[in-house]
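1. Any chance you can model this:
(chains A and B)
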Amino acid sequence: MKRLSRRMMLRGLGTVLALPALEAMLPSTARAQATMPKRFLTFFVPNGVNLQQWIPTGSTLATSGLLGGSGMAPFHARTTFLKNVHNLMVDPLDEGAHHRGTSGALTCATPTGGARFKLCSDLQRPAAINPTQQDWDAAFEACSPSGASIDQVLARALPLSTRFRSLEYGPANNSIFGGGSNYSPAYCENISWLNGTTPIARRTNPRLAFEALTAGGSATETMRAREQRLRRGQSVIDSVRSDALTLQTRLGTVDRRRLDEYLTGIRELEERLNAPVTGRMCTPGMAPAGSFDVMTDIAGYTRAFIDIMVIALKCDLSRVVSFMLGGGGNAGSYQYLPILQGEDWSLPSGGVYPVASVRHHDISHWSALTEGGVALPSPGDRMRATEHKYRAYSLINGFHVSLFAELLGKLAASQEPDGSALIDHCVSMYISEISDGDSHARTELPVLLVGGAGVGLTGNRVIDVAGAPLANIYLALARQFGVTLPRFGAFGTAPHEGIFS
Amino acid sequence: MRALTSSICVVVMTGCLGSIFGPTPQPPMTAPDSGTMPMPPECEGPPGTPTRVPLRRLNFTEHDNALASLTGTPMRPLADAQLRDAVQRGFTNNGEVLTVDPTLVEIYAAAAEDVARDVMVREFDPGHVTRFEVETRQQDGGPGTLQQTCCGDDSYNNRVQPWSCLGATPPSADQCFREFYNAYRVHTATWLDGPGTWTVTTRSYGLPIQIGHPYPDGGLVPDGGELPDGGVQTLMPAQFHLSVNGRLFAFDPITWPQSAPQVQTLTLPNDVVEQPGFYEFDFFLDGWVRDVPRAGADFLEIRRTSGVIPQTQWRVRGTCDISTTRACLDDTLTNFAHRAWRRPVTQTERDTLIAFIDTALAAGDTPLEAFETGLTRVMLSPWFLYRVETASADDPTRLSGVSLATRLSTLLWSSVPDDALLARAESGELDTDEGVRLAASQMLADPRAMNFERDFGGQWLGAPLVSQAALSTTAYPLFTPAVKASMEQEIRLSFSHVLRTRAPSLELVDPDYTFVDDTLAGHYGLPLPGSATPVRVALSTKERGGVLSWGGLLAYNSKPVNPMPTRRGHFLVAQILCDEPPPPPGGIPPAEPMAGLTIRQVFEEHARNPACAGCHATMDPLGFGLESYDADGRWRTVDATGLAIDSTGRLPDGRTFNGPLELKGVLREDPRTRSCIAQQLYVYATNRSFVADDRCQLPPLVGGTTDTLPDLIERIVSSKPFTAFRAETAP
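-> Numbers count the residues shown, from 1 in each chain, chains lettered A, B, ... in the order given. Next up is the predicted model:
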């Protein structure tokens, strides 16, 4: 069913206007570049990257196997490669790397397992010299649910000057952990967290996501219609808020916190409702069309969201945007991907191993050589399997990078009102939950920051941060947005210097 | 149901230690027909107050079902937004993760508005007539003075040619012309409330017009006349067209000469309006005409002529008229709030709702508009969105009747109470354990209990996982999408059968029947039942049937090219024995096939490493017992490389078995199976994880070997863990 934008009361006022003429009328020197708003975009890819192909062998990005080509070359001048970024959490039990890495990618906090469901950044290491599981359980029990992600921290610390504080996109989860585990699958599915117990629902459907951006009133709405819509919307909001406040007086601490989430949502609904039509004059273009089956066409699906993110940023509908290409431990099979066609292999001992039917997560464990001290009865088979999985993994990594490069291309092609390129006013971060899929490590995380002078990035740099916690890099990022945080995550104590100028 | 990574080596972890340092302590075997489970030693004295579940929202399935139950809407706004419920500890109704965030509130608001609109159209506008007036475009006098008053949307201007002028400079008006494409046009979107017969009527009038190529200096070239470019003119009668969401329909051509206005009606095919929503209507006169034709249409009317919902199906509208009677407006909205909030509305709340309407009316809204806004407000209230629980007035340690009604309806219907259940609760029928038990038994007989089969049965037994099974099409060409779909049905129907026929729940482990259609029977090598839909077939041997033999689970817990004993074993340990080991640590490389060794031998080789033995000892033997099934679920005696299959096994407690048939018997006799069935349902019913003190609550609820699911449900819903109220601040 095709649906049109609904012009109703609670959807706020549309600010996306198809008025390219007005855009063009702005004198190019109207505003100095420094006044263009700064944005933060996260492009999350699951299951890590092939580190041997990822890390530049020299001092330039051209020496990275994955970044030298893949369409990234035009953006080297704006890219900062961070080497040796660590995102370790407090808990020493090295399990659930995908859960910890994903939920920790933007929070740098520790997820709790079992029946508990919260991210902790104030977890205290048990006093015992060799803490037992019980010691840790007690420590987890004691920690407060503190674990807002850096995108949400920025979205809520910055003054609201756009219609959406933040926008979160990506497919519904397809993690191998979707069914449940000691860790809640929610940890694998979400990078954006409002707080330690509340992940932000992703917008998964490109058509509805576009509709949300363009919905609401329009510039041609009559004054009477607008007043009517605002009045009705406000009356509903006031009324349900009073329900919630009445209910809240009867609740204890935990339930009250639950209801606070609702009140936050109602407040943001109200903000959107009353947002004036002062957004950018810009052309949203056409609504995305197609079936967007993420299983059969991950590229088409991602491109639809690339367009939506560019619209959101270009039209200044939001300044904090994220896209998850898949949940941590992504089980998506890339069997429809053209680059993997013809990558099947046969083992010397017989049998065909069709790479395309293997899930992304399985391929990411590319090493078939090092298995728990057991003799390899057929080294030939091991070698062949390793060789091919390594190659397939790199091809998938390259595919992800090429999509990121497409996004960067569109950001570079979009002009700000002052004539400068949008890409220079946006920190575009590329990140994964783990470093190399075969090691599951959360040291040497792949992190790219792309942007320009507008956000204090000089580009064409490979910076070895020497094991600095990711949280400290986020502290530096926040400072770049004028947000000073005393600490962040479990280990973020001071902004890492030397990345932003 | 955690899909285990294909870990071969698992380091020593707590929880699996027993297997390394000696057998895991097992509960003593009880006599086969005894229903009594021993209390764990730590449970002394009477059980305490059960753990509480935090304030939770309805999950997405419950929310969509609730909207449908309250209003009869065919919409499923949350499913349409592609929201997927989070799984915690195996189920999507776990209150620990049912949180709310700003994006969700935005989606809730949109859902409330859409459903309110849908209710208004379906119940308060039964004929559903939407009429658009089509304005006649003003004729103009020349360049620059054309009046563009037609029809709202100005997109047709995109197809207006620039002014062309002939002859004198400056040109006079009669020497200039423009050409118009789609000279008359209504381009709009309107809400249609769903399937039925929809007609679109228009009235055309005025002078006859024809479409064709014009002379450069005005007027159409006559039919058959020579065109400036040397071609021949073919005039066509003018014809109105209508596009509905991109589907094009044509009205009859306007006959020429036409002496009187012509009313024409189009009936839309039934597949145009399949669900409620906004539909885009584009009504236009097709083709190029010179200047502005002196003809057109004066209205467009969209009308429902069948499928209007009858009064007996109104869910929101009462018998009084809210447009004319203020008391009716107040009562109808309050009554809706009563149902949506699943409890009596207090006088204060009623006053608030009335004040809400007062404000709307005072600001100029019509009663219908005020009511629609009121419906939205009720459906966006936390009282609707959350499951707020209260204590009984008589017993502060027991849930109120209305709270229990919602607990029962979310458990058994994945929805909210209907009017009958709410009325029973308010009359005190749920204030006794017996009353709750009776209500549950009646609710299970209701068709809505199929939601329980789908949501509890499906999630527990892994039915939704089957579609995710990804086998190599080269290695398993017979594992077709049709086979996969039938395998999922096999699981769902087996659960449904055990529930509906009150069969012993252990039949899920060891039945003498299964459900197959011809496709799946052929795949399994069973006699064809002669049915394209799955039917129950009796089995002569127990190679098929039950959770150990369902092809869908065997395939899901396999790698693309070979079975994974650890994963298969893990599924049984987690779902059937409730003895799930902790997740594997990081850095585990996956298994690869090795020449000359069966997969079983590969795993056994690795399990020799004492560091790996702990967890694998609990899972692998069960998986080895299923080695008789290939990755696509078919029975086998040799593997793909011709090596003989060994499906014998020895459990950590010393019991041995030979093949899946004996393993079924072993699991059927294992008291952990009965205990686990109860625990799975207990977790689902309480909406929270199973925590330490639940170990003391569960044993009395576990049934004997002939226990049935309905009996178990009735025991659980009338037990303290289900009925007790515990305030957050209570000790």
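
2. which residues sit in contact with the nearest residue to A:L325 once chain neighbours are set aside?
-> Leaving aside its sequence neighbours, A:L325 sits nearest to A:V45 (C-beta to C-beta, 6 or more residues apart in numbering or on different chains; 4.8 Å). Every residue, glycine included, has its C-beta placed from N, CA and C. By C-beta atoms under 8 Å, 6 or more residues apart in numbering or on different chains, the contact set of A:V45 is A:325-326, A:397, A:400, A:404, A:430-432.

3. Now intersect these with the helices, please.
-> A:397, A:400, A:404 (DSSP state H).

4. ok, the residues you listed vs B:A362, which is closest?
-> Taking C-beta to C-beta as the measure, B:A362 lies nearest A:F404 of these, at 54.7 Å.

5. hmm, back to that, closest to B:L242 among the ones in helices among the contacts of A:V45?
-> A:F404 (44.5 Å).

6. Tell me how far that closest one lies from chain B.
-> Per C-beta to the nearest C-beta, to the nearest Å, A:F404 is found 23 Å from chain B.

7. is it true that that residue touches A:F43?
-> Yes - at 5.2 Å, A:F404 counts as touching A:F43 under the criterion of C-beta atoms under 8 Å.

8. Which neighbours do these two have in common?
-> In contact with both A:F404 and A:F43: A:428, A:430, using C-beta under 8 Å, 6+ apart.

9. Sketch out the low-pLDDT regions of chain B for me.
-> B:1-35, B:126-189, B:205-222, B:235-238, B:254-260, B:285-298, B:307, B:581-596, B:605-613, B:729-731 (pLDDT under 70).

10. do the longest helix belonging to it and chain A meet?
-> When chain B is scanned for its longest helix (criterion: DSSP H), the result is helix B:102-124. Yes - contact of helix B:102-124 with chain A (C-beta under 8 Å from any C-beta of the partner chain) involves B:102-110, B:112-114, B:117.

11. what does the stretch 401-550 of chain B have sitting close to chain A?
-> Going by C-beta under 8 Å from any C-beta, the residues of the stretch 401-550 of chain B near chain A are B:462, B:465, B:468, B:470-475.

12. Turn those into CSV, including secondary structure and neighbour count.
-> CSV is the format used below for those (DSSP: H, G, I helix; E, B strand; the rest coil; neighbours: other C-beta atoms under 10 Å in any protein chain shown):
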residue, secondary structure, neighbour count
B:G462, coil, 24
B:L465, helix, 22
B:Q468, helix, 20
B:A470, coil, 21
B:L471, coil, 24
B:S472, coil, 24
B:T473, coil, 15
B:T474, coil, 15
B:A475, coil, 20
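
13. now those in JSON lines, with distance to B:G552?
-> Shown next, in JSON lines, are these (distance: C-beta to C-beta, whole Å):
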{"residue": "B:G462", "distance to B:G552": "7"}
{"residue": "B:L465", "distance to B:G552": "7"}
{"residue": "B:Q468", "distance to B:G552": "10"}
{"residue": "B:A470", "distance to B:G552": "13"}
{"residue": "B:L471", "distance to B:G552": "12"}
{"residue": "B:S472", "distance to B:G552": "17"}
{"residue": "B:T473", "distance to B:G552": "17"}
{"residue": "B:T474", "distance to B:G552": "21"}
{"residue": "B:A475", "distance to B:G552": "18"}
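
14. Farthest pair within the residues you listed?
-> Between any two of these (C-beta to C-beta), the greatest distance is 25.5 Å, for B:G462 and B:T474.

15. my read is B:H241 is in a strand, agree?
-> Yes - the assignment for B:H241 by DSSP: H, G, I helix; E, B strand; the rest coil puts it in a strand.

16. could you point out which element follows the strand or helix carrying B:V602?
-> Following DSSP states H and E, one finds B:V602 within helix B:599-607. Next helix or strand after helix B:599-607 toward the C-terminus (DSSP H and E): helix B:610-625.

17. Return the residues in contact with B:L508.
-> B:L508 neighbours (C-beta under 8 Å, 6+ apart): B:461, B:494-495, B:498, B:546-547, B:677.

18. now the residue nearest to A:L325: how far from B:A644?
-> 44 Å (C-beta to C-beta, to the nearest Å).

19. swap in B:D632?
-> 19 Å.

20. Of those two, which one has the most company?
-> Neighbour totals were compared for B:D632 and B:A644, and B:D632 leads with 24 against 8 (other C-beta atoms under 10 Å in any protein chain shown).

21. Throw the residues of helix B:102-124 next to chain A into TSV and include neighbour count, thanks.
-> Converted to TSV, the residues of helix B:102-124 next to chain A look like this (neighbours: other C-beta atoms under 10 Å in any protein chain shown):
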residue	neighbour count
B:P102	27
B:T103	23
B:L104	22
B:V105	24
B:E106	23
B:I107	23
B:Y108	25
B:A109	27
B:A110	23
B:A112	24
B:E113	25
B:D114	24
B:R117	22
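
22. List just the nearest of the residues you listed to chain A.
-> B:V105 (2.7 Å; C-beta to the nearest C-beta).

23. Enumerate every residue touching the closest residue to the closest one other than its chain neighbours.
-> Spatial nearest neighbour of B:V105, chain neighbours left out: A:G265 (2.7 Å); criterion: C-beta to C-beta, 6+ apart. By C-beta under 8 Å, 6+ apart, A:G265 lies in contact with B:100-106, B:108.

24. if I've got this straight, A:G265 is in a helix?
-> Yes - counting by three-state DSSP, A:G265 falls inside a helix.

25. residues near the closest residue to B:R52 other than its chain neighbours, how many?
-> Among residues not flanking B:R52 along the chain, B:R726 sits closest, at 4.3 Å (C-beta to C-beta, 6+ apart). By other C-beta under 10 Å, 19 other residues sit near B:R726.

26. Could I get the contacting residues of B:R726?
-> So B:R726 contacts B:49-52, B:397 (C-beta under 8 Å, 6+ apart).

27. And A:S184, by the same measure?
-> A:99, A:111, A:117, B:86-89, B:96-97.

28. Considering those, which is situated nearest to A:K389?
-> Comparing those against A:K389 with C-beta to C-beta places A:H99 closest, at 23.1 Å.
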